[in-house]
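K.L.:
Give me a 3D structure for the following:
(one chain, ligands or ions: 1)
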Amino acid sequence: MSSFAQNQQDAAQYLAQFDGGVLNHIDGQQQAALDNTWFESLSPINLKPLAKVAHGKAADIDLAAQAAHRAFSTWSAMSGKQRQKILHKVADGIEARAQEIALLECIDTGQAIKFMAKAALRGAENFRFFADKAVQAQDGQSLYAAGQVNVTKRYPIGPVGVITPWNTPFMLSTWKIAPALAAGCTIVHKPAEFSPLTASLLVQIAEEAGLPKGVWNLVNGMGEDAGKTLTEHPLIKAIAFVGESRTGSLIQKQGADTLKRAHFELGGKNPVLVFADADLDKAADAAAFMIYSLNGERCTSSSRLLVEESIYDTFCAMVSDRANRIKVGHPLDPNTVIGPLIHPEHETKVLSYFEAAKADGATIAAGGNKVSELSGCYVEPTLFTQAHNKMRVAQEEIFGPVLTAIPFKDDADAIAIANDCQYGLAGYLWSQNVERCWAIADQLEAGMIWINSENSRHLPAPFGGVKASGIGRDGGDWSFEFYMETKNICFAMAGHQPPKLAK
Ligand code: NAD
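P.N.:
A predicted model of the protein is given here:
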């Protein structure tokens, strides 16, 4: 891995390509917003302006939707094999620029290079996985019945809108866009306004790899105008959205008039349940990893630590010891684990929970402060103990390196506490008793459960949440269920006689 100084020098060089601004990309053209307005993106590291960004609005979204609509007939008519070839080339292009993507992602989002070094490669893997699936995307089933055979086939739904958040934006964009393209859909992407840099590289890489113009369009802008217009646009057939639960709810309303199909990956307040019979060292490593890596700005973070009463004090001390030894610092320093939070607005939200925890009677066992000697949005890895599940810090998604530890009495109590929450994205379970693990996993209200492990993704497995954490699943064939329509074609067998109504 390169040194801190080298990373800073390289990042500055890569950033220089945006001196003229971060542009929109419509129908193969890099372009400013139609009204030539810009907004400023801030560096989370020092709060200075990082780049000016094209401020797309309704007219830019309309232009992009028209382009995606025109390109749809060509792209959807291509064979799966042809799409497979192009998407593998996109993956090659991402790999070739992996270092550039990683460094730009760090300075744009505040995420540490320790974790972002792999972000581009994970994005490339998403493209390769769905490239290979493109070949079977249209496949269906044959369903026999007396006197008939039904044959199903899948068709890409049409141009789709992809709206992404600011946490790990590169990886998340590839996760949504690769399956859409593999399915034969065209795209209008509206990335988060706080982190626009790598989305701009991604669409350029795709076109250099041979993706036809207009298949993938990018419009930067705010949620309330560009994002809203995209969700309301009649040419856009579906919206793949990753972001906050309340935004998902707004999008559902905005899309109602055009009967938009929507896929939502939303917020989480994921419990990690630690039983006395667990391997406590591994459990503490995983609990710390899942809340303190990626700055805690991760939908699957284990933000509620539920610990069996008999080991509560011991286990909290183990996690707090780990928290106290985590390095907070500049995201380009290879030793940094926690970088700055994305934006001062978000930092203010996270810091407000330190007061809320105290007011509700929780104890701050680790952290609990802003890191004042650094000028950006840096906060300490924090652990609240002596907490109960009614506290705001136990119920609300903080989306920072902040963990709330709650004791439980027995299995039933653990399940009740875990499920007493509006969210249901993920759950983590630590116990060596397989029967208990199964019984509890079966009863947890969550879309994904990891047993004796941190979140480790397997691309063919389904990803998504229940309750306020989302609607729909990504991954494997589940992605195609969203981006495609299924048609049933029924053949009558010889000898079939329709009913005769006339005498
Ligand atoms: P956000 O909801 O504020 O914004 C997400 C995107 O939606 C941005 O591009 C924004 O401009 C756009 N947007 C905002 N208002 C809109 C509107 N009315 N119409 C259309 N688009 C609109 O979310 P955020 O703060 O950027 O991201 C953090 C959230 O994302 C957290 O809640 C996190 O849990 C969630 N998240 C979920 C997953 C998952 O897989 N479940 C993954 C990553 C992040």
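K.L.:
mind checking the SS state of the residue positioned nearest the centre of the chain?
P.N.:
For the chain, the residue nearest the mean C-alpha position is Leu172 (4.4 Å; Cα atoms, centre = their mean). Recorded secondary structure, Leu172: helix (DSSP: H, G, I helix; E, B strand; the rest coil).
K.L.:
what's the answer for Asp333, then?
P.N.:
coil.
K.L.:
pLDDT wise, what is the closest residue in space to it that isn't next to it in sequence at?
P.N.:
Excluding the flanking residues, the one nearest Asp333 by Cβ to Cβ, 6 or more residues apart in numbering is Phe4, at 4.4 Å. For the C-beta atoms, the positions are set from N, CA and C on the backbone; glycine is no exception. At Phe4, the model reports a pLDDT of 97.
K.L.:
so what's Phe4 up against?
P.N.:
Phe4 sits next to His330, Leu332, Asp333, Pro334 when contact means Cβ atoms under 8 Å, 6 or more residues apart in numbering.
K.L.:
Where do the domain boundaries of the chain fall?
P.N.:
As recorded under automatic domain parsing, the domains making up the chain are 4-266+469-487, 271-451.
K.L.:
Can the last one be said to contact the ligand?
P.N.:
Yes. Among the residues of domain 271-451, Cys299, Glu397, Phe399, Leu425 lie within reach of the ligand under Cβ under 6 Å from any ligand atom.
K.L.:
sec struct for the first one, please.
P.N.:
Spelled out, it's Cys299. Classification of Cys299 using three-state DSSP returns coil.
K.L.:
Let me know whether it touches Ser245 as I believe.
P.N.:
No. Assessed by Cβ atoms under 8 Å, Cys299 is found out of contact with Ser245, at 10.4 Å.
K.L.:
picking up where we left off before, out of the domains of the chain, which comes closest to Phe463?
P.N.:
Nearest of the domains of the chain to Phe463, taken as Cβ to Cβ: domain 4-266+469-487 at 4.6 Å.
K.L.:
For the residue nearest to the centre of the chain, report the pLDDT, please.
P.N.:
pLDDT at Leu172 comes out at 97.
K.L.:
need the contact list for it.
P.N.:
By Cβ under 8 Å, 6+ apart, the neighbours of Leu172 are Thr164, Pro165, Val242.
K.L.:
In terms of distance to Ser142, which of these ranks first?
P.N.:
Val242 (35.3 Å).
K.L.:
and that closest one, how many residues sit next to it?
P.N.:
25 (other Cβ atoms under 10 Å).
K.L.:
could you list every residue that touches it?
P.N.:
Ile163, Thr164, Pro165, Leu172, Lys176, Phe264, Glu265, Leu266, Cys299.
K.L.:
low pLDDT regions in the stretch 201-350 of the chain?
P.N.:
Applying pLDDT under 70 to the stretch 201-350 of the chain picks out no residues at all.
K.L.:
where do the strands sit along it?
P.N.:
Shown for the stretch 201-350 of the chain, the strands assigned by DSSP state E, counting those that start in this stretch span residues 216-218, 238-242, 261-265, 271-274, 304-308.
K.L.:
Which elements pack onto the shortest one?
P.N.:
This points to strand 216-218. strand 24-26, helix 58-77, strand 187-190, helix 197-208 (3 or more Cβ pairs under 8 Å, 6 or more residues apart in numbering; DSSP states H and E).
K.L.:
and Lys118, which of those is closest to it?
P.N.:
Going by Cβ to Cβ, the one of the helices and strands packed on strand 216-218 nearest Lys118 is helix 197-208, 13.9 Å.
K.L.:
Using PDB, list the CA coordinates for that closest one.
P.N.:
In PDB, the C-alpha atoms belonging to helix 197-208 read as follows (Å, rounded to 0.1, in the frame of the first residue of the first chain):
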ATOM      1  CA  LEU A 197     -16.900  12.200  -7.900                       C
ATOM      2  CA  THR A 198     -16.700   8.400  -8.600                       C
ATOM      3  CA  ALA A 199     -20.100   8.200 -10.300                       C
ATOM      4  CA  SER A 200     -18.700  10.500 -13.000                       C
ATOM      5  CA  LEU A 201     -15.700   8.300 -13.600                       C
ATOM      6  CA  LEU A 202     -17.900   5.200 -13.700                       C
ATOM      7  CA  VAL A 203     -20.100   6.200 -16.600                       C
ATOM      8  CA  GLN A 204     -17.000   7.400 -18.600                       C
ATOM      9  CA  ILE A 205     -15.300   4.000 -18.000                       C
ATOM     10  CA  ALA A 206     -18.400   2.200 -19.200                       C
ATOM     11  CA  GLU A 207     -18.600   4.200 -22.400                       C
ATOM     12  CA  GLU A 208     -14.800   3.700 -23.000                       C
END
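K.L.:
who does it touch, helix- and strand-wise?
P.N.:
Helices and strands touching helix 197-208, by 3+ Cβ pairs under 8 Å, 6+ apart, are strand 24-26, helix 80-96, helix 98-109, helix 169-183, strand 216-218.
K.L.:
Turn the helices and strands packed on strand 216-218 into JSON lines, columns for mean neighbour count and distance to Leu143.
P.N.:
Shown next, in JSON lines, are the helices and strands packed on strand 216-218 (neighbours: other Cβ atoms under 10 Å; distance: least, Cβ to Cβ, whole Å):
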{"stretch": "strand 24-26", "mean neighbour count": "27", "distance to Leu143": "42"}
{"stretch": "helix 58-77", "mean neighbour count": "20", "distance to Leu143": "25"}
{"stretch": "strand 187-190", "mean neighbour count": "28", "distance to Leu143": "32"}
{"stretch": "helix 197-208", "mean neighbour count": "23", "distance to Leu143": "37"}
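K.L.:
Take these and write them to CSV, including distance to Glu481.
P.N.:
Shown next, in CSV, are these (distance: least, Cβ to Cβ, whole Å):
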stretch, distance to Glu481
strand 24-26, 28
helix 58-77, 17
strand 187-190, 18
helix 197-208, 24
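K.L.:
These: which one's closest to the ligand?
P.N.:
strand 187-190 (5.6 Å; Cβ to the nearest ligand atom).
K.L.:
counting contacts, what elements does the closest one pack onto?
P.N.:
Taking 3+ Cβ pairs under 8 Å, 6+ apart as the contact cut, strand 187-190 packs with helix 58-77, strand 160-163, helix 169-183, strand 216-218.
K.L.:
The ones you listed: which one's closest to Gly376?
P.N.:
Among these, if distance is taken as Cβ to Cβ, the winner is helix 169-183, at 18.1 Å.
K.L.:
report the angle between the axes of that closest one and helix 80-96?
P.N.:
Going by axes from the mean of the first three to the mean of the last three Cα atoms, to 10 degrees, helix 169-183 is angled at 160 degrees with respect to helix 80-96.
K.L.:
Any buried residues in helix 169-183, and which?
P.N.:
Within helix 169-183, the residues scored as buried using 16 or more other Cβ atoms under 10 Å are 169-183.
K.L.:
Keeping just the C-alphas, turn it into CSV.
P.N.:
The C-alpha coordinates for helix 169-183 follow below in CSV (Å, rounded to 0.1, in the frame of the first residue of the first chain):
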residue,chain,number,x,y,z
PRO,A,169,-21.2,5.4,-3.4
PHE,A,170,-19.0,3.7,-5.9
MET,A,171,-19.6,0.1,-4.7
LEU,A,172,-23.4,0.8,-4.2
SER,A,173,-23.8,2.3,-7.7
THR,A,174,-22.2,-0.7,-9.4
TRP,A,175,-24.4,-3.0,-7.2
LYS,A,176,-27.5,-1.4,-8.7
ILE,A,177,-26.4,-0.5,-12.2
ALA,A,178,-24.6,-3.8,-13.2
PRO,A,179,-27.7,-6.0,-12.9
ALA,A,180,-29.9,-3.3,-14.6
LEU,A,181,-27.6,-3.3,-17.6
ALA,A,182,-27.2,-7.1,-17.6
ALA,A,183,-31.0,-7.3,-17.7
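K.L.:
All set now, cheers.
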